[in-house]
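> Sequence isn't available, so here's the structure alone:
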Ligand code: AMP
Ligand code: GLY
């Protein structure tokens with residue numbers, strides 16, 4: 001099979017490594033890629049929007065497109081591909097809207113009785129302020145409706161803080177039109193778990209649940225980021241929990257896909273809060289998680305391409321996933337200042353093979369590899385115990401440095 005992988009982060013490098021293991025792989029292309037992905041595939045450099053991706057796919061006789069990030073899916077890449085009879089692993093625009101619009105997602109959850117936090121949505125500043133004036137209980141979770149690169153969720157401890165946040169979203173428009181509508185959510189207490197499913201809309205295959213560390217600094221201090229590290233399998237995973245999630249969430253979202261006419265062939269990422277009243281959905285994403293994928297992929301002990309191909313064809317029934325009996329840990333090495341502003345172009349000093357790391361925000365600058373993003377590299381390692389995987393990942397992280405680079409010291413703890 002000729003495969004085209006869309007995306008250029010750590011998640012996509014981890015997916016690329018797994019696809020590369022497949023016996024069914026013939027030619028392997030990527031858009032836009034990064035040095036890690038380029039070490040495994042041929043980068044197509046002149047495609048930057050959905051139309052040019054489809055053009056490139058036709059030119060290169062691609063049998064399957066695999067889409068990593070949410071943006072092209074929310075823009076309708078899968079619908080375009082299917083209209084051209086090109087197989088794609090990724091949901092339709094309507095399915096991706098579960099991530100593209102928090103309001104849509106909350107409304108679907110409410111309509112189908114999927115456990116989640118209570119919410120109220122607003123598309124008008126005065127009405128939102130009016131609601132805050134009357135509300136007595138804080139903290140309150142405030143979310144921009146649209147995509148905001150993982151930064152559109154704020155937790156307000158007081159009414160005054162909430163009013164400032166709402167003003168920044170709806171009046172100062174820090175996220176542009178993504179913040180013109182907002183959601184207020186009840187604050188949930190519990191442990192978070194990322195439960196991902198590969199699905200063709202009818203069959204749902206659970207991936208090993210992972211734990212993501214979202215805050216920038218140790219002990220969950222600092223700002224929310226895209227994710228500073230992860231491990232799998234999540235320590236809370238049990239047969240009972242899996243059954244509860246299947247019954248209370250997966251069965252219902254499957255019904256929603258059916259009733260709402262949602263064509264969903266790809267990954268459904270279910271962000272959960274494990275509360276004392278059971279698991280509740282914090283968010284749905286329409287793609288693999290980053291950095292969850294970096295620990296899930298190396299534990300997968302079967303042919304990912306085979307599974308993705310069956311998913312894209314809507315023929316996942318009868319397939320199953322196999323897992324190694326190991327643990328995996330990922331430590332994200334980030335640029336100084338991330339998730340706020342940070343410098344790019346810092347030369348990276350590797351004391352081992354650069355491709356022993358998963359590459360996220362890196363690029364070639366002439367002959368050397370330099371930083372090119374907030375999350376730069378991922379140190380991923382396996383172990384037969386969780387502590388062994390953590391130790392090995394930190395040992396790996398110590399083999400690289402660049403000016404301003406930092407990582408959390410408490411991943412997995
Ligand atoms: P989201 O992008 O919706 O996953 O939100 C980002 C992060 O904000 C989550 O991973 C949680 O840590 C936090 N969060 C979101 N919604 C809630 C909620 N209703 N209660 C508590 N924390 C939340
Ligand atoms: N790690 C969180 C996400 O991928 O949304």
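That came through, no problem. Bear in mind the structure is a predicted one, so any value in this text is a computation, not a measurement. Numbering: from 1, shown residues only. Ligands and ions are numbered 1, 2, ... in the order given.
> drop to CA atoms for contacts and neighbour counts, all remaining ones
Fine.
> Please report phi then psi for the closest residue to ligand 2 within the stretch 251-400 of the chain.
Closest contact between the stretch 251-400 of the chain and ligand 2, by C-alpha to the nearest ligand atom, is at residue 289 (3.3 Å). Dihedral pair for residue 289: phi -80, psi 160, per degrees, to the nearest 10.
> Return the distance of residue 303 relative to ligand 1.
29 Å (C-alpha to the nearest ligand atom, to the nearest Å).
> From residue 277, how far off is that residue?
Computed as C-alpha to C-alpha, to the nearest Å, the residue 303 to residue 277 distance reads 37 Å.
> Give me the more crowded residue out of those two.
A count of neighbours by other C-alpha atoms under 10 Å puts residue 303 above the other of residue 303 and residue 277, at 17 against 8.
> how much space between the residue nearest to residue 195 when sequence neighbours are not counted and ligand 2?
The shortest distance from residue 195 to any non-neighbouring residue, by C-alpha to C-alpha, 6 or more residues apart in numbering, is to residue 209 (4.7 Å). In this view, residue 209 and ligand 2 are 12 Å apart by C-alpha to the nearest ligand atom.
> dump the residue contacts of residue 209.
Residue 209 sits next to 193-196, 232-234, 237 when contact means C-alpha atoms under 8 Å, 6 or more residues apart in numbering.
> isn't residue 26 right up against residue 2?
Yes - applying C-alpha atoms under 8 Å, one finds residue 26 in contact with residue 2, separated by 5.3 Å.
> Model confidence score at the residue of the stretch 251-400 of the chain closest to ligand 2, please.
Listed pLDDT for residue 289 reads 97.
> And the one 3 residues further on, by the same measure?
According to the prediction, residue 292 has pLDDT 98.
> got it, and residue 48?
At residue 48, pLDDT is 87.
> give the contact list for it.
By C-alpha under 8 Å, 6+ apart, the contact set of residue 48 is 31-32.
> any idea which helix or strand carries it?
Following DSSP states H and E, one finds residue 48 outside all helices and strands.
> Next, it: phi, psi?
phi -140, psi 0.
> roughly how far apart are the residue nearest to the spatial centre of the chain and ligand 1?
Nearest residue to the geometric centre of the chain (C-alpha atoms, centre = their mean): residue 289, 2.5 Å. Residue 289 is 11 Å from ligand 1, where distance means C-alpha to the nearest ligand atom.
> From what I see, that residue and residue 269 are in contact.
Yes - counting by C-alpha under 8 Å, residue 289 does reach residue 269; the two are 6.9 Å apart.
> if I look at the two, which residues touch both of them?
residue 194.
> give the contact list for the closest residue to residue 104 other than its chain neighbours.
Once flanking residues are discounted, residue 104 sits nearest to residue 98: 6.4 Å by C-alpha to C-alpha, 6+ apart. Contact analysis of residue 98 by C-alpha under 8 Å, 6+ apart lists 104-105, 284-286.
> So residue 26 and residue 2 - more neighbours on which side?
residue 2 (16 against 11).
> list the contacts for that one?
Neighbour list for residue 2: 25-29, 61-64 [criterion: C-alpha under 8 Å, 6+ apart].
> Separate out the buried members of those residues.
Buried members of the contacts of residue 2, counted by 16 or more other C-alpha atoms under 10 Å: 27-29, 62-64.
> For the residues you listed, could you give me a markdown table that also reports distance to residue 376, pLDDT and secondary structure?
Below are those laid out as a markdown table (distance: C-alpha to C-alpha, whole Å; pLDDT from 0 to 100; DSSP: H, G, I helix; E, B strand; the rest coil):
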| residue | distance to residue 376 | pLDDT | secondary structure |
| --- | --- | --- | --- |
| 27 | 27 | 98 | coil |
| 28 | 23 | 98 | strand |
| 29 | 22 | 98 | strand |
| 62 | 29 | 98 | coil |
| 63 | 31 | 98 | coil |
| 64 | 28 | 98 | strand |
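> For ligand 2, tell me which of those show up nearby.
With the criterion set as C-alpha under 6 Å from any ligand atom, no member of the buried ones among the contacts of residue 2 is near ligand 2.
> Can you get me a residue count around the closest residue in space to residue 25 that isn't next to it in sequence?
In this structure, residue 25 finds its nearest non-sequential neighbour in residue 1, 5.0 Å apart by C-alpha to C-alpha, 6+ apart. When neighbours are defined as other C-alpha under 10 Å, residue 1 has 17 of them.
> Verify the contact between residue 1 and residue 64 for me.
Yes - the pair residue 1 / residue 64 is scored as a contact, 7.4 Å apart, by C-alpha under 8 Å.
> quick one: which of the buried ones among the contacts of residue 2 is nearest ligand 1?
Nearest to ligand 1 among the buried ones among the contacts of residue 2, counting by C-alpha to the nearest ligand atom, is residue 64 at 28.8 Å.
> Around ligand 1, pick out the residues from the chain.
117, 141, 150, 153, 185-188, 282-283.
> Which ones among the residues you listed lie within helices?
Using DSSP state H to define helices, no part of the residues of the chain next to ligand 1 is located there.
> Between these, which sits nearest residue 40?
Set against residue 40, the nearest of the residues of the chain next to ligand 1 by C-alpha to C-alpha is residue 150 (27.9 Å).
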